[in-house]
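Chemist: build the 3D model from these lines:
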Amino acid sequence: MKTHLFLPAVVLLSGALQAAVFDYYADLNGPSESPPVASLGTGSASISYDDIAHTLEIKVDFSGLTGLTTVSHIHAPTATAGAGTVGVAVTPGTLPGFPAGVTAGSYLGIIDLTIEGSYTAAFLNNFGGGTAAGAEAALAAAMADGRAYFNIHTTIAPGGEIRGFLAVPVPEPAAASVFALGLLGIVATYRSRSPAH
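Modeler: So this is what the prediction gives:
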């Protein structure tokens, strides 16, 4: 049996399945606020958590807000996945460089999760055990459990005008099909090269 051809494929595949980057996405709107806000504003937030580099890349687009932006950040962890409110986790004040005083815009920023100042004092102490490493672990768990949300606060809604809970994006059918075909190809190659019993 020629296992030497199959093993590299298994090792390569298992390495790919243990990715260091975890992607999350949220649709932002007023009805998702708690309590709901009558806003026509909409937006989207894409969050990429890299557990090797210990960073959080945040991409946001928003438009149609009723009020002017004041602050924006990630809140976590709510008691229940996809519901409730909780204090700010990342970052104190607002995300560095987030556009203020506008009704539409976009944002791209990277947060260093190894720095204690990347978290609010309440999150750092109450959920992170007073350390950046603990806070990072708590944030990662909250995002993975659907208990973290992205919020944009404005002058008409200081508690938040639009928000959305972070969730793992659903893979596009084409991407899932390509992965399945690749996996079938590996199995077929292995079977065709194995001697008959």
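Chemist: where does the prediction get shaky in the protein?
Modeler: 1-19, 170-197 (pLDDT under 70).
Chemist: run through the bridge partners of the most centrally placed residue in it.
Modeler: Nearest to the mean C-alpha position of the chain, counting by CA atoms, centre = their mean, stands Tyr24 at 3.1 Å. Tyr24 forms beta bridges with Ile47, as assigned by DSSP bridges.
Chemist: is it true that it touches Phe165?
Modeler: No - using CB atoms under 8 Å, Tyr24 is not in contact with Phe165; the gap is 9.2 Å. (Glycine included, C-beta is placed from N, CA and C.)
Chemist: what touches both of these two?
Modeler: Ala148 (CB atoms under 8 Å, 6 or more residues apart in numbering).
Chemist: name the nearest residue to Val71, ignoring sequence neighbours.
Modeler: Thr94 (3.7 Å; CB to CB, 6 or more residues apart in numbering).
Chemist: burial of the one you found, as a residue count?
Modeler: 17 (other CB atoms under 10 Å).
Chemist: now swap in Val102 and tell me
Modeler: For Val102, the tally of surrounding residues (other CB under 10 Å) stands at 13.
Chemist: ditto for Thr80
Modeler: 10.
Chemist: quick one, what contacts the closest residue to Val37 other than its chain neighbours?
Modeler: In space, and not counting its chain neighbours, Val37 is closest to Gly30: 3.9 Å by CB to CB, 6+ apart. Contact analysis of Gly30 by CB under 8 Å, 6+ apart lists Pro36, Val37, Ala38, Ser39, Leu40, Gly41, Ala157, Glu161, Ile162.
Chemist: same thing but at 10 Å, please
Modeler: Gly30 is in contact with 36-42, 64-66, 157, 160-163, counting by CB atoms under 10 Å, 6 or more residues apart in numbering.
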